[in-house]
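Participant: sequence plus the predicted model coming up.
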Amino acid sequence: MIQLSTLILAAGRSHRFNGNKLLTRMPDGQLMVLRIIAQCAAVTENIMVVTGAHHKQLSRHLPDNVNIIYNPDWHEGMSGSIATGVQQIHQCYPTTTHILIMLGDLPAVTAPSLEVLKEVAELEPEKMVASYWNGKCTAPAIFPGQYWPHLRQLQGDNGAGRLLNNGLYQQPPQTFPVPHPEAALDIDTTEALKKLAQRL
């Protein structure tokens, strides 16, 4: 059995949303970030949230069952938050063998859809397991320990997408793609939130 911890990336400024989208209320009244945490908590006990631009606001709303890490270099892009989070998970949860990287603005992702990723990771523990939609591999994705050094070396705002997609086309493949259409619904604008409300 793998030991899975979750890293939720919540450091961005949300400039296209014109506000802190992670504290936006969903159609059921729940804050977006709390919805994300609840879904992740159903598949893993250890949850770390990396904050940045809206650290003070988010910290006031996050539950006690998550570990909050502030990334002072959040403005340099997503890769810094990943590197910070991976290092802290390694220190705080030393028995962790795999890390689930989750974005804070994917409220359509559910515990059952995340459970599928976890089940695949248990069957293929040496491979990266990626959400797959529209021909590409994205987060949420699960990374075994041998890929953590690669995550720490990421640069810019590209996240781990390149690592996942490169792994898909290696021989033998190092990435296992799992169809996950819910991962395509990221909330970058208020219009995107309205569309999501129609689906939930």
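Facilitator: Structure's in. What do you need?
Participant: contacting residues for Asn166?
Facilitator: Residues in contact with Asn166 (Cβ atoms under 8 Å, 6 or more residues apart in numbering) are Thr175. C-betas here are computed from N, CA, C, even on glycine.
Participant: for it, give its distance to Asn65.
Facilitator: Noted for Asn166: a distance of 34 Å to Asn65, by Cβ to Cβ, to the nearest Å.
Participant: chain center to stretch 81-97, what's the gap?
Facilitator: Distance of stretch 81-97 from the chain centroid (Cα atoms, centre = their mean, to the nearest Å) equals 13 Å.
Participant: and if you look at stretch 32-41?
Facilitator: 11 Å.
Participant: secondary structure class for Gln155?
Facilitator: coil (DSSP: H, G, I helix; E, B strand; the rest coil).
Participant: most centrally placed residue in this structure?
Facilitator: Residue closest to the average C-alpha location in the chain (Cα atoms, centre = their mean): Met102, at 1.0 Å.
Participant: got the phi/psi numbers for it?
Facilitator: Main-chain torsions, Met102, degrees, to the nearest 10: phi -130, psi 140.
Participant: before we move on, what about the one 3 residues further on?
Facilitator: Torsion angles at Asp105 (phi, psi; degrees, to the nearest 10) stand at phi -120, psi 40.
Participant: please verify my assumption that it contacts Met32.
Facilitator: Yes. Between Asp105 and Met32 there is a contact at 6.9 Å, judged by Cβ atoms under 8 Å.
Participant: ranges for the helices of the chain?
Facilitator: For the chain, the helices defined by DSSP state H cover 32-41, 55-61, 78-92, 111-123, 148-152, 161-168, 190-199.
Participant: of all those, which one is nearest Met1?
Facilitator: helix 111-123 (6.5 Å; Cβ to Cβ).
Participant: contacts for that closest one, please.
Facilitator: Under the criterion Cβ under 8 Å, 6+ apart, residues 1-2, 4, 38-40, 42-44, 98, 100, 102, 127, 129, 131, 140-142, 144, 176, 178, 180, 182-183 lie in contact with helix 111-123.
Participant: go with 6 Å
Facilitator: By Cβ atoms under 6 Å, 6 or more residues apart in numbering, the residues outside helix 111-123 that reach it are 2, 39, 42-43, 98, 129, 142, 176, 178, 180, 182.
Participant: let me know the pLDDT of the residue nearest to the centre of the chain.
Facilitator: pLDDT recorded at Met102 is 97.
Participant: ok, it - contacts?
Facilitator: Counting by Cβ under 6 Å, 6+ apart, Met102 touches 6, 8, 40, 140.
Participant: go on, Ile69?
Facilitator: Going by Cβ under 6 Å, 6+ apart, Ile69 touches 50, 88.
Participant: repeat that for 7 Å
Facilitator: 48, 50, 84-85, 88 (Cβ atoms under 7 Å, 6 or more residues apart in numbering).
Participant: between the contacts of Met102, which has the most around it?
Facilitator: In terms of neighbour count, Thr6 stands highest of the contacts of Met102 at 29 neighbours, by other Cβ atoms under 10 Å.
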